[in-house]
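J.: Structure here, sequence nowhere to be found:
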Ligand code: 13P
Ligand code: SF4
C-alpha cells in the first residue's frame with residue numbers, strides 16, 4: 001500500500017481523496033490530450049514509458065480497448081492482476097488500466113514505496129457500487145439477530161470497494177474472483193455453514209450449483225428491504241445468502257442468445273463468464289473467468305466456432321488473434337463495459353507524462369485502517385490452496 005497522505009480512518013469513513021464509489025470525479029483533460037491524434041498519443045506514451053523505465057508498471061485488464069491494452073506490461077483477469085501487483089516490488093508507479101476496485105486492490109497489495117494510478121477516476125464498476133459498507137453492516141446485524149452469526153462467513157467478490165474487503169477481513173471471510181470462487185467457498189464452508197456473498201448474485205449462484213447445491217439452499221438478499229426481503233426461516237435455513245447485485249454487461253446475455261447461436265452453429269461452442277445469469281450458464285459448454293476464456297479459445301482447434309458471453313473488446317481481440325477460428329459475441333448486439341472503456345489513449349498519455357514531470361495524478365489511496373483489514377481478506381484469497389478454479393464446467 002502506498003504512503004498515506006491523510007490520517008488513517010475507520011473503514012466506515014469515506015476513503016480519502018474523493019475516491020469513494022459514486023463520488024469520484026474526473027477533471028477534463030488539457031487540450032493537448034483531447035485534441036491529439038492517435039499517432040501523437042502513441043508517440044507520447046512510448047516516450048514516457050521509455051523515460052520511466054523499470055520504475056513504471058502498466059497493468060491491463062482483458063476488457064481494455066486495443067489502443068490501451070497494447071501498452072500493458074502485464075495483462076490479466078482480476079485475480080492475475082492482483083497477483084502481479086502483490087509480486088512486483090520494483091516499480092514505484094503502477095498505472096492500472098482497469099477499474100477502480102482493481103486499482104484499490106493493487107494499492108492494498110503493494111508496498112509503501114509504490115503508488116497506484118488510475119488513468120480516469122470515472123472508471124468504476126456498476127456492480128461494485130451495488131453494495132456499500134453501510135448496507136453490508138446493516139445486513140450483518142439483521143442476520144445476527146435471527147441466526148448464529150459465528151457460523152456465517154462473509155465472502156466478497158473482488159468487484160467491491162476496499163471498505164467491503166475490510167469488513168470481510170475483520171469478520172473471518174475472504175475475497176474471491178471469478179477464477180477462484182469455488183475454492184474460496186469450499187474454504188468458507190470449512191469455517192461455517194452459511195455464507196453471505198456479495199455483491200454478485202450470479203457468480204454466487206453459478207458457483208453454488210457447481211458445488212452441488214440447488215435453489216433450496218439459496219436465498220437472495222435485497223438490501224433495500226427489511227431482513228433482505230426474506231422471512232426469518234429463510235435466513236436461518238439458507239446456505240447461500242446472495243446479495244441482489246449483478247453486472248449490467250453480463251446480465252444482458254439470455255438463453256435466447258444461446259438458442260439462436262446453436263440453431264445457426266450446431267457444432268459451435270458457447271463459453272460464458274460466471275457473471276452471466278444461471279439460465280445462460282447452464283446452457284453454456286464452459287463457464288470461466290476472462291483468463292480461462294482466453295485459454296479455452298487459444299486451445300480450440302482451427303475451424304472452431306465459438307460464441308462468448310463477456311465484454312466485447314475482449315471478444316473482438318480474441319477474434320483478431322485467431323483468424324483460423326470464428327469467435328463471435330453470444331449477443332449479436334455488442335456489450336461494452338462503459339466504465340472499462342473510460343480508460344483511453346488521452347488519459348493514459350496524460351497520466352504518464354505527468355509522472356515524467358514527477359506529478360502524480362489520480363493516485364488511488366486506500367486509508368491505512370481499511371487497507372490493513374482488506375489486505376487480510378485479499379491475502380487469504382491469494383493463500384487459499386486450490387485457487388484458481390473456475391466456477392463450473394471446467395476441463
Ligand atoms: P475477471 O475476474 O474474469 O477478470 O472479471 C472481472 C470483471 O469485472 C468481469 O466483469
Ligand atoms: Fe463491473 Fe461488469 Fe464492467 Fe466487470 S463488466 S467491470 S462487473 S460493470
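T.: Received it, and whenever you're ready, just let me know what you need. Here the structure is a predicted model, which means the values were calculated and not measured. Residues are numbered from 1 along each chain as shown. Ligands and ions are numbered 1, 2, ... in the order given.
J.: For the residue nearest the centre of the chain, give its distance to residue 177.
T.: Central residue of the chain (C-alpha atoms, centre = their mean): residue 159, 4.1 Å from the mean position. Separation of residue 159 from residue 177 (C-beta to C-beta, to the nearest Å) stands at 8 Å. Where you see a C-beta, it was placed from the backbone N, CA and C, and this is true even at glycine.
J.: anything in contact with each of those two?
T.: Contact with both residue 159 and residue 177 is made by residues residue 78, according to C-beta atoms under 8 Å, 6 or more residues apart in numbering.
J.: thinking again about what came up before, and the residue nearest to the centre of the chain, helix, strand or coil?
T.: coil (DSSP: H, G, I helix; E, B strand; the rest coil).
J.: cool, residue 195 as well?
T.: Criterion first, three-state DSSP; result for residue 195: strand.
J.: I'd guessed it sits against residue 243; true?
T.: No. If you go by C-beta atoms under 8 Å, residue 195 and residue 243 don't touch, sitting 10.7 Å apart.
J.: the more surrounded of the two?
T.: Set residue 195 next to residue 243 and count neighbours by other C-beta atoms under 10 Å: residue 243 wins out with 27 against 23.
J.: List phi and psi for the more buried one.
T.: Here is the backbone geometry of residue 243 (degrees, to the nearest 10): phi -60, psi 140.
J.: Wait, a helix at residue 71?
T.: No. Residue 71 is assigned coil when assessed by three-state DSSP, not a helix.
J.: Could you count how many residues lie near it?
T.: Residues lying near residue 71 (other C-beta under 10 Å) number 20.
J.: now do the one 5 residues further on
T.: Look at residue 76: counted by other C-beta under 10 Å, it has 22 neighbours.
J.: how much space between it and residue 292?
T.: Distance, residue 76 to residue 292, by C-beta to C-beta: 12 Å.
J.: Show the subsequent helix or strand relative to the helix or strand where residue 46 lies.
T.: Element membership of residue 46, judged by DSSP states H and E, is helix 38-52. Moving toward the C-terminus from helix 38-52, the next helix or strand (DSSP H and E) is strand 56-61.
J.: and the stretch 1-150 of the chain, which residues reach ligand 1?
T.: Within the stretch 1-150 of the chain, the residues that sit near ligand 1 (C-beta under 6 Å from any ligand atom) are 77-79.
J.: same thing with the stretch 151-300 of the chain?
T.: Counting by C-beta under 6 Å from any ligand atom, the residues of the stretch 151-300 of the chain near ligand 1 are 159, 177-179, 247, 275, 289-290.
J.: what's around the closest residue to ligand 1 within the stretch 1-150 of the chain, how many residues?
T.: Nearest residue of the stretch 1-150 of the chain to ligand 1: residue 77, at 3.1 Å (C-beta to the nearest ligand atom). When neighbours are counted by other C-beta under 10 Å, residue 77 registers 26.
J.: and the residue of the stretch 251-395 of the chain found nearest ligand 2, backbone torsions?
T.: For the stretch 251-395 of the chain, the residue closest to ligand 2 is residue 337, as judged by C-beta to the nearest ligand atom, at 3.4 Å. Torsion angles at residue 337 (phi, psi; degrees, to the nearest 10) stand at phi -90, psi 110.
J.: Mind listing the shared neighbours of residue 195 and residue 243?
T.: Each of residue 204 lies in contact with both residue 195 and residue 243 under the rule C-beta under 8 Å, 6+ apart.
J.: follow-up on the earlier one: near the residue of the stretch 251-395 of the chain closest to ligand 2, how many other residues are there?
T.: Using other C-beta under 10 Å, residue 337 has 23 other residues around it.
J.: okay but it is in contact with residue 250, surely?
T.: No. Counting by C-beta under 8 Å, residue 337 stays clear of residue 250, with 9.2 Å between them.
J.: Going along the chain, name the helices of the stretch 51-200 of the chain.
T.: If DSSP state H, counting those that start in this stretch is used as the criterion, the helices of the stretch 51-200 of the chain fall at 66-69, 78-87, 100-109, 133-146, 162-170, 181-189.
J.: Comparing these by mean pLDDT, which bottoms out?
T.: Looking at these, the lowest mean pLDDT belongs to helix 78-87 (a mean of 94).
J.: any idea how far the closest residue to ligand 2 within the stretch 1-150 of the chain is from residue 338?
T.: Residue of the stretch 1-150 of the chain nearest ligand 2, by C-beta to the nearest ligand atom: residue 125 (3.3 Å). Distance of residue 125 to residue 338, given as C-beta to C-beta: 10 Å.
J.: which one of these two has more residues nearby?
T.: A side-by-side neighbour count of residue 125 and residue 338, using other C-beta under 10 Å, places residue 125 first with 24 against 12.
J.: Need the per-residue pLDDT for that one.
T.: For residue 125, the pLDDT comes out at 97.
J.: tell me the contacts of residue 102?
T.: The contact partners of residue 102, by C-beta under 8 Å, 6+ apart, come to 61, 78, 81-82, 96, 158.
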